[in-house]
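Participant: I need the structure of the sequence given here:
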Amino acid sequence: MDPTVKQYLAENPELAEFIRYNPIWYRYLTRNPGEIEEMKKEAKVFYGKTFPQRIQSLNSQMQMINMLIQVAKGMKD
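Facilitator: Coordinates of the predicted model:
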């Protein structure tokens, strides 16, 4: 693997962990170190850090809060 890619992964432990879970990226980055940007996109999807995934997470948290409020109101009555 290219030394610059190794250095980049050493500086970004989250991406290094992603590669450990998806070892095919070792092969991709060894053959073409320029694919590191593509790997970062895949890592964002893997970790749920894309904008739609964050919105979905926020939406589910809001639904949980609303449900807890309804339960609290029901116990109050």
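Participant: go ahead and flag the most central residue of the chain.
Facilitator: Centroid-nearest residue in the chain: residue 47, 1.6 Å away (criterion: Cα atoms, centre = their mean).
Participant: pLDDT wise, what is that one at?
Facilitator: Among the per-residue scores, residue 47 shows a pLDDT of 94.
Participant: surely it meets residue 15?
Facilitator: No: the pair residue 47 / residue 15 is not scored as a contact, 9.8 Å apart, by Cβ atoms under 8 Å. For every residue, glycine as well, the C-beta is placed using N, CA and C.
Participant: spit out the contact partners of residue 28.
Facilitator: When contacts are counted by Cβ atoms under 8 Å, 6 or more residues apart in numbering, residue 28 is found next to 35, 38, 39.
Participant: at 7 Å what do you get?
Facilitator: Listed by Cβ atoms under 7 Å, 6 or more residues apart in numbering, the contact partners of residue 28 are residue 35.
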